[in-house]
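Student: predicted coordinates and the sequence they were generated for:
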Amino acid sequence: MRSLKNRQVEARVIVLREASRQMKGVESWIGYFRNAFGMSLKQFAAKLGVSYTAAQSLEKGEKEGGITLRSLRRAAEAMNCELVYAFVPRESVDKICTDQARRKARKIIDDTNLHMELEDQGVSKEEVKTQFDELVQKIKESKKLWDE
């Protein structure tokens with residue numbers, strides 16, 4: 001079931017990644033669209049129902065990363081736009097989950113093998129690899145993937 005969900009998420013992420021690449025360099029969406037619409041800061045302030053200074057602070061706050069989603073949503077609505085908010089994973093969802101499962105499995109296998117070797121019950125490298133791969137799959141499919 002998780003595999004299907006991950007494929008569905010990944011299909012959406014592909015679109016988001018491309019959009020993210022296309023949007024690089026935009027410092028302020030408020031300023032970007034305000035200017036595209038030919039709207040002065042004074043006109044934007046009036047549409048938003050705030051003072052010129054407040055509108056100016058809003059645009060500056062967005063550039064500096066100190067704006068709330070609520071404020072961005074209000075600004076978007078004032079310009080007849082929709083706010084779109086998304087996370088774009090740097091790698092595929094599957095790779096992120098696999099890497100996490102591998103970290104957890106590596107610790108479990110290393111701890112287990114240490115104890116087994118101390119008791120002179122070590123196993124071959126091939127067997128360790130097989131155990132590791134099976135454990136990675138089990139961890140990926142479990143609800144404890146992100147437990148510490």
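Tutor: Structure received. Quantities reported herein were computed from a predicted structural model and do not represent experimental measurements.
Student: residues in contact with the residue nearest to the spatial centre of the chain?
Tutor: Central residue of the chain (Cα atoms, centre = their mean): Phe87, 3.6 Å from the mean position. If you count contacts by Cβ atoms under 8 Å, 6 or more residues apart in numbering, Phe87 has none. Yep, even glycine has a C-beta here, placed from its N, CA and C like the rest.
Student: for it, helix, strand, or coil?
Tutor: Assigned with DSSP: H, G, I helix; E, B strand; the rest coil, Phe87 falls in the coil class.
Student: pLDDT score assigned to it?
Tutor: For Phe87, the model assigns a pLDDT of 91.
Student: Glu127 versus that one, what's the distance?
Tutor: Phe87 is 39 Å from Glu127, where distance means Cβ to Cβ, to the nearest Å.
Student: check Gly49 too.
Tutor: For Gly49 relative to Glu127 (Cβ to Cβ), the value is 70 Å.
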